[in-house]
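*Asks:* need coordinates for the following:
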Amino acid sequence: MSKELFNDLRKLAEETRNRKLDEIRAEYSETIAEIAAMEQRLIGKPVAIRPKAKREEKLVDLVAALIPSDRIVTVDDVQGLLKAADPDRSPNIQTIRATLHRLVKEGTVKKVSHPQADKKVGYCLPDFDAGEHRSLADWARQVLSDAGEPLTAVDIMVRMTESGYELPCEPCAAVEHLERALRSGSFTANNKSGWCLLR
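*Replies:* Predicted coordinates:
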């Protein structure tokens, strides 16, 4: 292993530590402010209210506010939205995933499952109509049923795209995902002619 690799690992560890320290300091400041406000209320003094800066806003509240009302988003999308809203805040994917999980449990956000191996789990607001997400196996089953004859994985993928399936990745990777779904589904492979439905 090169010296640069160890330096990169040290730098990553330092960045992680600094990010966690920032989050702890922000939480501490917020708690102290809440205690001061309670104290002011108890002695009868009015509490000054000022707008929260993005950095002071709890991550869960910020994520909830950033979920768009007109589309489904993935964890990666949320990370991009957070970076645009608050460049100084950079939570990792695991933290964002945990935050979304909490919002789903609260009912603030709903989870949209993508059975396809090549699609990530999506999230949207409860009122958004996420539609029906068909698995790769369902798409292949429909194509083979319509064709009435065996087809190769490439032919199946071509007919799927002609029927409205949108490739979420490079064609070669999409065909690999399709073949994985075919191997685990109710299909059989004919070495000469391709895949067909099990009778």
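
*Asks:* in this protein, which spans are helices?
*Replies:* For the chain, the helices defined by DSSP state H occupy 3-42, 59-66, 75-85, 93-106, 136-147, 153-162, 171-184.

*Asks:* so which of these gets nearest V121?
*Replies:* helix 75-85 (7.6 Å; Cβ to Cβ). Where C-beta positions appear, they are placed from N, C-alpha and C, glycine not excepted.

*Asks:* quick one: mean pLDDT over that closest one.
*Replies:* Mean per-residue pLDDT for helix 75-85: 82.

*Asks:* again, but for stretch 20-29
*Replies:* When pLDDT is averaged over stretch 20-29, the result is 73.

*Asks:* stretch 177-192 now?
*Replies:* Rounded mean pLDDT across stretch 177-192 is 78.

*Asks:* could I get the buried residue list for it?
*Replies:* By neighbour count on 16 or more other Cβ atoms under 10 Å, the buried set for stretch 177-192 is H177, L178, E179, A181, L182, G185, F187.

*Asks:* the second one and A140 touch, don't they?
*Replies:* Yes: contact criterion Cβ atoms under 8 Å: L178 and A140 qualify, at 6.6 Å.

*Asks:* which one of the buried residues of stretch 177-192 is nearest to D155?
*Replies:* Using Cβ to Cβ, the buried residues of stretch 177-192 come closest to D155 at L178, 10.7 Å.

*Asks:* need the buried residues of stretch 177-192 in JSON lines (columns: distance to V75).
*Replies:* Listed next are these as JSON lines, based on distance: Cβ to Cβ, whole Å:
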{"residue": "H177", "distance to V75": "19"}
{"residue": "L178", "distance to V75": "24"}
{"residue": "E179", "distance to V75": "26"}
{"residue": "A181", "distance to V75": "23"}
{"residue": "L182", "distance to V75": "28"}
{"residue": "G185", "distance to V75": "27"}
{"residue": "F187", "distance to V75": "31"}
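
*Asks:* hmm, L66 and A85 touching each other?
*Replies:* Yes: taking Cβ under 8 Å as the definition, A85 is a contact partner of L66 at 5.9 Å.

*Asks:* which residues touch stretch 66-83?
*Replies:* If you take Cβ atoms under 8 Å, 6 or more residues apart in numbering as the criterion, stretch 66-83 is touched by 62-63, 85, 89-91, 93, 96-97, 100, 103, 109, 112, 120-125, 127-128, 130.

*Asks:* and the residues you listed, which of them are buried?
*Replies:* Looks like these have 62-63, 89, 91, 96-97, 100, 103, 109, 112, 122-125, 128 buried, using 16+ other Cβ under 10 Å.

*Asks:* ok, these vs D146, which is closest?
*Replies:* The closest of the buried ones among the contacts of stretch 66-83, once distances to D146 are taken by Cβ to Cβ, is V112, at 26.8 Å.

*Asks:* measure the closest one to E106 for me?
*Replies:* V112 sits 17 Å away from E106, going by Cβ to Cβ, to the nearest Å.

*Asks:* got it, and A84?
*Replies:* Counting by Cβ to Cβ - A84 and E106 are separated by 24 Å.

*Asks:* make a markdown table out of the helices of the chain and add distance to L197.
*Replies:* What follows is the helices of the chain, written out as a markdown table (distance: least, Cβ to Cβ, whole Å):
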| stretch | distance to L197 |
| --- | --- |
| helix 3-42 | 49 |
| helix 59-66 | 43 |
| helix 75-85 | 35 |
| helix 93-106 | 36 |
| helix 136-147 | 5 |
| helix 153-162 | 11 |
| helix 171-184 | 10 |
